[in-house]
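Undergrad: Predicted model and sequence below, questions to follow.
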Amino acid sequence: MTRQYAIIAYWLLTAVAFIGAIVLVFTWTPEESSMGVIQKIFYFHLPVAINTFLACAVVFVASVGYLVQRDTWWDDLAAAAANIAVVLCTGVLLTGMLWAHGAWGVWWTWSPRLTFSFMLWLLYVVYLLVRSSVESAQRRALVSAVFGLVAFLDVPLVYLSARLLPDIHPGQIALAPEMKLTLGFCMIPITLLAAGLICTQYKINKLRRARQLQRQEQFQLGVAPTLAGGSL
């Protein structure tokens, strides 16, 4: 019961933090002089992007953990983080498109950062598709772990692309003190949401694995007596 209360409190805190962030963004934080109100998407776009990188990092660490220890809980964690990485990266692409259309009049352009961001989303979608296509649990975990290591290589490319290559995407944005404070506060609810979703998905994966093992054991116990009876 105490654990349930803690989970409820966690999500209530996340909701309250989100409300506070929205209030700060749209009522207290000044508008950026050149882009106007559309720039306020930035306060959600950047934290979602950072948490996308963090979710990908969790997949990477969990993949290494599985390859080293071959413990299934690492595989469950990697799968959970990959699911949330896809959700977050989708949010990055959508908010980025809205921001780009409002600021520059285009929904999409194949600039370096946007291209690498789309590749990142695609890599983790493929990761999930690969997992669903492999029937053997051990082989699925092994293949997924290797793929998780390779997919993470795109993360530094996304980060460095706008800094090292010509790009419509700004490498840095000058922020007033109020804007920096708002950006820092917006990191709180989005990070809480990302962490909560990964933990929730991990528990679902763990429960699903336990049920699969239980069904396999029941099947084996059900087959064995039939074979024994037939031989008699």
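TA: Yep, that arrived. Numbering: from 1, shown residues only.

Undergrad: can you pull out the helices in the protein?
TA: 2-23, 42-69, 72-104, 112-133, 137-151, 154-164, 177-231 (DSSP state H).

Undergrad: Ala82 and Val37: what is the separation?
TA: Distance of Ala82 to Val37, computed by Cβ to Cβ, to the nearest Å: 34 Å. C-beta here means a position set from N, CA and C on the backbone, and glycine is covered the same way.

Undergrad: Pick out whichever of these two has more residues nearby.
TA: Shown here are Ala82 and Val37; by other Cβ atoms under 10 Å, Ala82 has more neighbours (28 against 10).

Undergrad: Export the helices of the chain to CSV and append columns for mean pLDDT and distance to Ser33.
TA: What follows is those, written out as CSV (pLDDT from 0 to 100; distance: least, Cβ to Cβ, whole Å):
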stretch, mean pLDDT, distance to Ser33
helix 2-23, 94, 22
helix 42-69, 96, 14
helix 72-104, 93, 12
helix 112-133, 93, 23
helix 137-151, 95, 39
helix 154-164, 83, 21
helix 177-231, 83, 11
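
Undergrad: looking at these, which is closest to Pro30?
TA: Among these, helix 177-231 comes nearest to Pro30, with 6.1 Å by Cβ to Cβ.

Undergrad: Summarise which helices and strands the closest one is packed against.
TA: Secondary structure elements in contact with helix 177-231, counted by 3 or more Cβ pairs under 8 Å, 6 or more residues apart in numbering; DSSP states H and E, are helix 2-23, helix 42-69, helix 72-104.

Undergrad: and the ones you listed as JSON lines, adding distance to Ala151?
TA: Below are the helices and strands packed on helix 177-231 laid out as JSON lines (distance: least, Cβ to Cβ, whole Å):
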{"stretch": "helix 2-23", "distance to Ala151": "27"}
{"stretch": "helix 42-69", "distance to Ala151": "7"}
{"stretch": "helix 72-104", "distance to Ala151": "8"}
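
Undergrad: To Leu175, which of those lies closest?
TA: helix 42-69 (8.9 Å).

Undergrad: gap between that closest one and the chain center?
TA: 6 Å (Cα atoms, centre = their mean, to the nearest Å).

Undergrad: what does stretch 207-220 give?
TA: Worked out by Cα atoms, centre = their mean, stretch 207-220 lies 28 Å from the chain centre.

Undergrad: buried stuff in it?
TA: Arg209 (16 or more other Cβ atoms under 10 Å).

Undergrad: Contacts for it next, please.
TA: Thr72, Asp76, Ala137 (Cβ atoms under 8 Å, 6 or more residues apart in numbering).

Undergrad: cutoff 6 Å now
TA: Contact with stretch 207-220 is made by no outside residue, as judged by Cβ atoms under 6 Å, 6 or more residues apart in numbering.

Undergrad: oh, and call the first residue 560 from now on, that's how I've got it
TA: From this message on, residue numbering opens at 560, which makes the last subject stretch 766-779.

Undergrad: so how far is Ala608 from the closest residue to Met594 other than its chain neighbours?
TA: Residue nearest to Met594 in three dimensions, not counting chain neighbours: Ala662, with 4.7 Å by Cβ to Cβ, 6 or more residues apart in numbering. As judged by Cβ to Cβ, Ala662 and Ala608 stand 16 Å apart.
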